[in-house]
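> I would like the atomic coordinates for the input below:
(chains A and B, ligands or ions: 1)
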Amino acid sequence: MASTAQKTWELENQVVPVDDATIYAFDQAEQDAIFDKKPWKEDVNFFKSVRMSAVAMIKIVMHAKSGAPLEVMGLMQGKVTLDREFIIMDAFPLPVEGTETRVNAGAGANEFMVTFTETCERIGKVENVCGWYHSHPGYGCWLSGIDVQTQMTYQQHQEPWLAVVVDPVRTCASGKVDIGAFRTYPAGYTPPDEGPGEYQPIPLDKIEDFGVHCKQYYSLPIEVFKNSLDNTILELLWNKYWIDTLSSSPLLHNRGFCNQMVQDCVQKLDQIDMNSASQSRFRILMQEPKKRKEDNLLNKVAIDAAKNAGEQVQGLASQVVKFALFQGRASCSCREQQPTPMES
Amino acid sequence: MAAAAAGLDVHLHPLVLINVSDHVVRFRSAGRPERVLGALLGAQEGRRVDVHNSFELVSVESEGERTIDLEFFQQRLAQYMEVFPRYEFLGWYSTGSQPEEADRALHKKIQEVGANENPFALLVDAEKMSQQKASQSEELPVKVYDATTHIEHGVAKVTWNEVPYIIDTLEAERIAVNHVAKSATTAAAGYSSDFTQHTSGLSNSVVMLSNRIKELLEHIKDVKEGRAPKNQEVLRQTLSICQALQSVHPSSLKQEFCGEFNDATLVVLLATLTKVCAHTSDLLDKFQLAYDRKHRSRHYPFG
Ligand SMILES: [Zn+2]
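The predicted model follows:
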């Protein structure tokens, strides 16, 4: 096992093991005090980071996956600290699914939520509900216009409140959990321009929605923590599920998504092509220099394509290993050259 | 019923274990030493049982009797059914190394109210697990039981039969569990590329596979030289694995592999072309900028 690698990583990233008592300690008075103080009113950027329990993380991903290709929604329980952190202890699903327009808890979901949370104390879960999660199957983690509206309303009436978005399709395609945590700014607030953040591919039909609202919220880094028992279980589990690492076939699994990504790139390229064609005609007419807006888009499509290609190469690596293992002696002529993943 | 259970194929998913772990540690931290109790959810199709999810239950233990809050149980069950309509109630979980006397009555009670005639019992030995230092050969201290009820002297008696199970992970589940195991932060992008992580996972698995094969080989050598007892079951399984390897049709596998290889490299080629386009466009722009400036400066020397 790569325990040395893990240790190195933990040292590099200063992962401090937390003890169970601190994790599960909950003081309602302290929470009330923070609530009375409302530090998020003075500082719109008050919350800086999110810590999420292993159980909450796995529950959210699995719920999102079970709902795909539809969107699902749920709530999270946890606490906040004066260290500007959200600590998410657990999550539970709501009986809501549908497309973006419908992912908005209706009356039925509210009743569900009330009866669910009322009884949580009896099984030792005393934390308050402090956020919602929903899934974006295949189109990345960001907040849509409706999401921004929903989150703003929550932040007005339900503080402290966090929004989490997870993409189960991209999680499977890239082999790592695609999840994001967000807080919205109050209406009318304009954040200082920090230049473009970390780029992520957005499908063409969602780009406008993304572009209009992307300055209305900010994202928070998520760190996962484990309790003492989780650590042992996870190590023991690895002794079992390593087989799945070999037996899974990501290429087959993600074929549909890959096609979708290629199509999306083609559509984006088409659009750029059309725009630049009409622009160049205009330019010849007016004898004006070319506007520097287009190439940016072209670079973005290149990044999208490279990401997709990288995932394919990743899947291919699995297949090559399997082929070499189980079909080692039969040499294959098409296996002479190994492509390298493109750096984006 | 025992015969039916023997043929069952139980697949246990990691979320259940992590959920139990959360339950146990939460109670322990709150200073509640009692055994935890919860319900198991999942899907049953033919002989295959998948335990996907679980939730906590309320129970009271006094004087050797465990009573379960039925109202809470039924409400929660209905709520989970609403969200996961494909799941059904499969059984209950608790902590301990083996079923206790009080569990019999509990099991019967659950049998009566739950929508399952033959629920499973999952026991997690949290004590053992907490002390354990995981090493490669150690098993999970988790046991699955199936109960047989038979009438003895006019009284229904419950006997426990241990059921073998395997750990199963779905694609998304494996990724999530791996993510948690490495306790990676989404912010720590600088650590290493996705590709490196993926291949290191692969290489770990291959090492694991090779270790297992070595172990098996050692064992068979020992058997051959009379150093180890002959276990027909193990030998039969080993033989069937070897035969399975031979029966894979090499040409069809190769064809499939080549197809996948070509598809993947085609996507890479497309991406490369797109990137070339973007770079060419960049270059053109720069060229134009340089040329335009020169062009203009000749006309407007002071502009
Ligand atoms: Zn959304």
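> ok, residue A:36 to residue A:126 distance?
19 Å (Cβ to Cβ, to the nearest Å). Where C-beta positions appear, they are placed from N, C-alpha and C, glycine not excepted.
> Likewise for residue B:50?
Counting by Cβ to Cβ, the gap from residue B:50 to residue A:126 is 32 Å.
> Between residue A:36 and residue A:126, which is the more surrounded one?
Set residue A:36 next to residue A:126 and count neighbours by other Cβ atoms under 10 Å in any protein chain shown: residue A:126 wins out with 17 against 7.
> Which pLDDT value belongs to that one?
Per-residue pLDDT puts residue A:126 at 82.
> Mind naming the longest strand for chain B?
Longest strand of chain B, by residue count under DSSP state E: strand B:142-152.
> Please name the residues that touch the closest residue to the ion within the stretch 151-300 of chain A.
Taking Cβ to the ion, the ion has its nearest neighbour within the stretch 151-300 of chain A at residue A:165, 6.1 Å off. By Cβ atoms under 8 Å, 6 or more residues apart in numbering or on different chains, the contact set of residue A:165 is A:133-136, A:141-143, A:147, A:179-180, A:182.
> a strand runs through it, doesn't it?
Yes: per DSSP: H, G, I helix; E, B strand; the rest coil, residue A:165 lies within a strand segment.
> Now do the SS call for residue A:160.
Going by three-state DSSP, the state assigned to residue A:160 is coil.
> For residue 57, give me its contacts.
In the absence of a named chain, this looks at chain A. A:177, A:179, A:224, B:176, B:179-180.
> wait, chain B
Neighbour list for residue B:57: A:123, B:37-39, B:68-69, B:72-73, B:76, B:92 [criterion: Cβ under 8 Å, 6+ apart].
> Phi and psi next, for it.
Note on residue B:57: backbone dihedrals following degrees, to the nearest 10 are phi -120, psi 160.
> separation between it and the ion?
Distance from residue B:57 to the ion, counting by Cβ to the ion, to the nearest Å: 33 Å.
> Apart from its chain neighbours, what residue comes closest to the residue of the stretch 151-300 of chain A closest to the ion?
Nearest non-adjacent residue to residue A:165, counting by Cβ to Cβ, 6 or more residues apart in numbering or on different chains: residue A:141, 4.4 Å away.
> Run through the residues that contact the residue in the stretch 51-200 of chain A positioned nearest to the ion.
Residue of the stretch 51-200 of chain A nearest the ion, by Cβ to the ion: residue A:147 (4.1 Å). The neighbours of residue A:147, taking Cβ under 8 Å, 6+ apart as the test, are A:134, A:163, A:165.
> nearest to residue A:71, of the residues you listed?
residue A:134 (6.0 Å; Cβ to Cβ).
> List, one by one, the residues from the stretch 1-150 of chain B near chain A.
Contact residues (Cβ under 8 Å from any Cβ of the partner chain) of the stretch 1-150 of chain B with chain A: B:14-15, B:17-19, B:21-30, B:32, B:52-53, B:56-58, B:69, B:72, B:75-76, B:79, B:82-84, B:86, B:126, B:129-130, B:132, B:134, B:136, B:138-140.
> List the ones among these that fall in helices.
B:14-15, B:17-19, B:21-29, B:72, B:75-76, B:79, B:82-83, B:126, B:129-130 (DSSP state H).
> picking that back up, is the residue of the stretch 151-300 of chain A closest to the ion bridged to anything, and to what?
Bridge pairing for residue A:165 (DSSP bridges) gives the partners residue A:134, residue A:180.
> where's it relative to chain B, distance?
For residue A:165, the distance to chain B equals 12 Å [Cβ to the nearest Cβ, to the nearest Å].
> Can you give me the neighbour number for residue A:141?
Residues contacting residue A:141 under the criterion other Cβ under 10 Å number 20.
> residue contacts, it?
Shown in contact with residue A:141 (Cβ under 8 Å, 6+ apart): A:165-167, A:178-180, A:200.
> can you tell me which two in these are farthest apart?
Spatial extent of the contacts of residue A:141 (Cβ to Cβ) is set by the pair A:166 and A:200 at 13.5 Å.
> so where does the residue sitting nearest the centre point of chain B fall, helix or strand?
With distances taken as Cα atoms, centre = their mean, residue B:169 lies nearest the centre of chain B, 3.3 Å away. Following DSSP states H and E, one finds residue B:169 outside all helices and strands.
> what's near enough to touch it?
Residue B:169 makes contact with A:241, A:244, B:13-14, B:177 under the criterion Cβ under 8 Å, 6+ apart.
> is it possible to export those to TSV including pLDDT and distance to residue B:257?
Conversion of the contacts of residue B:169 to TSV gives the following (pLDDT from 0 to 100; distance: Cβ to Cβ, whole Å):
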residue	pLDDT	distance to residue B:257
A:241	80	24
A:244	81	20
B:13	91	30
B:14	90	30
B:177	87	28
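> Drop the exposed ones from those residues and show what's left.
With burial judged by 16 or more other Cβ atoms under 10 Å in any protein chain shown, the buried subset of those is A:241, A:244, B:13-14, B:177.
> ok, back up a step: pLDDT (mean, whole number) over the next helix or strand along the chain from the longest strand of chain B?
On the C-terminal side of strand B:142-152, the closest following helix or strand by DSSP H and E is strand B:155-163. Mean per-residue pLDDT for strand B:155-163: 81.
> Export only the CA atoms of strand B:155-163, formatted as CSV.
Output in CSV follows, covering the C-alpha atoms of strand B:155-163 (Å, rounded to 0.1, in the frame of the first residue of the first chain):
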residue,chain,number,x,y,z
VAL,B,155,-41.6,-21.9,21.4
ALA,B,156,-40.2,-20.2,18.3
LYS,B,157,-36.4,-20.3,18.5
VAL,B,158,-33.9,-18.2,16.5
THR,B,159,-30.6,-19.7,15.4
TRP,B,160,-27.9,-17.7,13.7
ASN,B,161,-26.1,-18.8,10.6
GLU,B,162,-23.1,-16.8,9.4
VAL,B,163,-23.5,-15.7,5.8
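> Is there proximity between the helix ranked longest in chain B and chain A?
As assigned by DSSP H, the longest helix anywhere in chain B is helix B:250-299. Yes: applying Cβ under 8 Å from any Cβ, one finds helix B:250-299 touching chain A at B:250, B:253-254, B:257-258, B:260-265, B:267-268, B:270-272, B:274-275, B:277-278, B:281-282, B:285, B:288-289, B:292.
> related to what we said a few turns ago, could I get the contacts of residue B:57 as JSON lines with neighbour count?
Formatted as JSON lines, these follow (neighbours: other Cβ atoms under 10 Å in any protein chain shown):
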{"residue": "A:123", "neighbour count": "21"}
{"residue": "B:37", "neighbour count": "24"}
{"residue": "B:38", "neighbour count": "23"}
{"residue": "B:39", "neighbour count": "22"}
{"residue": "B:68", "neighbour count": "19"}
{"residue": "B:69", "neighbour count": "17"}
{"residue": "B:72", "neighbour count": "16"}
{"residue": "B:73", "neighbour count": "23"}
{"residue": "B:76", "neighbour count": "21"}
{"residue": "B:92", "neighbour count": "26"}
